[in-house]
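S.K.: Have a look; sequence and predicted model below, questions after that.
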Amino acid sequence: MIQALQAKGIGVSLGGVEVLHAVDLNLPAGRWTSVVGPNGAGKSTLLKALAGLLPHSGQAELLGRPFSAWRGRERARALAWLGQGETGAEDLSVWDVAMLGRLPHQPWLAPPSDADRAAVEQALRATQAWDWRERALGALSGGERQRVLLARLLAVNADVLLMDEPLANLDPPHQADWLQLVRDLVAQGKTVVSVLHEIGVALHADQMVIVAGGRVRHQGACDDSATHRALEAVFDHRIAIHPLGEQWVALPR
Ligand SMILES: Nc1ncnc2c1ncn2[C@@H]1O[C@H](COP(=O)(O)OP(=O)(O)OP(=O)(O)O)[C@@H](O)[C@H]1O
């Protein structure tokens, strides 16, 4: 199986403290992997290291090649990123924010092409943000803003999409839309890796990586009882995983 992302002994220190300890991880291409764990576990740090956004020890590989072997723009076309609580670009219009996702496709200082405009329109429509395209990002609500940032990520049209808490501020219908969007992306052969606190949604993924204390505690299929037991354990058995129809739900004990 082709690996979209691989961590080989990745360690990260922040503020002089080691927060990720020699993590080894293989994330398969064409699958959706959810990353879960308690607050402060190191999930965001792991995702940033996998995206090549943080200095780290060990080696990270994207689609079988070390990050150092990728040219910047080529890598930016292959891997799209949605960070947690992103700020900045408040004065930019929604259209221009989504167009930022096309930068890796554009020659230096070139105006957007028809293909760029089509990709941005498609992305804004996919997240139902099209109607706000002339509004400033800073004038949107938290959930509206999140949908614009999601559109920026989609506009990249990358094969590997990393999202840190993509459901932040989204209401339940838009969480359901996100779930469908991810399923569609994976059906097209894309790889999605998402850090999620919504365990019920995270259990819809193909596989789950459970992180605690800066280490991967478990990696397994979301419908595997071993994954459910590991999930309950990492949250100190304060939640229990139950079947509900064809889904799994996490309920407080
Ligand atoms: N700049 C920093 N300096 C020092 N420690 C940091 C820094 N950034 C993060 N940390 C610490 O690193 C650890 C991992 O943080 P990280 O953001 O990866 O956790 P997380 O699992 O994503 O948490 P959450 O679920 O709360 O978002 C935490 O203990 C955090 O306090």
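M.R.: All right, it came through fine.
S.K.: rest of the way, CA atoms for contacts and neighbours
M.R.: Will do.
S.K.: All the helices of the stretch 1-150 of the chain, residue numbers only.
M.R.: Per DSSP state H, counting those that start in this stretch, the stretch 1-150 of the chain carries helices over the ranges 43-50, 72-78, 94-100, 114-126, 142-155.
S.K.: elements contacting the third one?
M.R.: If contacts are counted by 3 or more Cα pairs under 8 Å, 6 or more residues apart in numbering; DSSP states H and E, helix 94-100 sits against helix 114-126, helix 142-155.
S.K.: still on that earlier bit, any idea which of the helices of the stretch 1-150 of the chain gets closest to Met208?
M.R.: Checking the helices of the stretch 1-150 of the chain against Met208 by Cα to Cα gives helix 43-50 as the closest, at 12.1 Å.
S.K.: Does the closest one reach the ligand?
M.R.: Yes: interface with the ligand: helix 43-50 contributes 43-45 (Cα under 6 Å from any ligand atom).
S.K.: so for that helix, what's the average pLDDT?
M.R.: What helix 43-50 shows for mean pLDDT is 96.
S.K.: Check stretch 241-250 too.
M.R.: On average, stretch 241-250 scores 93.
S.K.: any residues touching it, and which ones?
M.R.: 199-200, 203-204, 223, 228, 232, 239-240, 251 (Cα atoms under 8 Å, 6 or more residues apart in numbering).
S.K.: Okay, buried residues for it please.
M.R.: 241, 248-250 (16 or more other Cα atoms under 10 Å).
S.K.: I'd like to know which of these is nearest to the ligand.
M.R.: Nearest to the ligand among the buried residues of stretch 241-250, counting by Cα to the nearest ligand atom, is Ala250 at 16.8 Å.
S.K.: so which helix or strand takes in the closest one?
M.R.: Counting by DSSP states H and E, the element that carries Ala250 is strand 247-252.
S.K.: ok now that strand, how far from the chain's centre?
M.R.: 22 Å (Cα atoms, centre = their mean, to the nearest Å).
S.K.: Look up the pLDDT of the residue of the stretch 51-200 of the chain at minimum distance from the ligand for me, please.
M.R.: Residue of the stretch 51-200 of the chain nearest the ligand, by Cα to the nearest ligand atom: His197 (7.1 Å). Note on His197: pLDDT of 95.
S.K.: thought it was touching Ser34?
M.R.: No: His197 lies out of contact with Ser34 (Cα atoms under 8 Å); the separation is 9.7 Å.
S.K.: Report the contact partners of the nearest residue to Leu203 once chain neighbours are set aside.
M.R.: Leaving aside its chain neighbours, Leu203 sits nearest to Cys222 (5.3 Å; criterion: Cα to Cα, 6 or more residues apart in numbering). Contact analysis of Cys222 by Cα under 8 Å, 6+ apart lists 203-208, 228.
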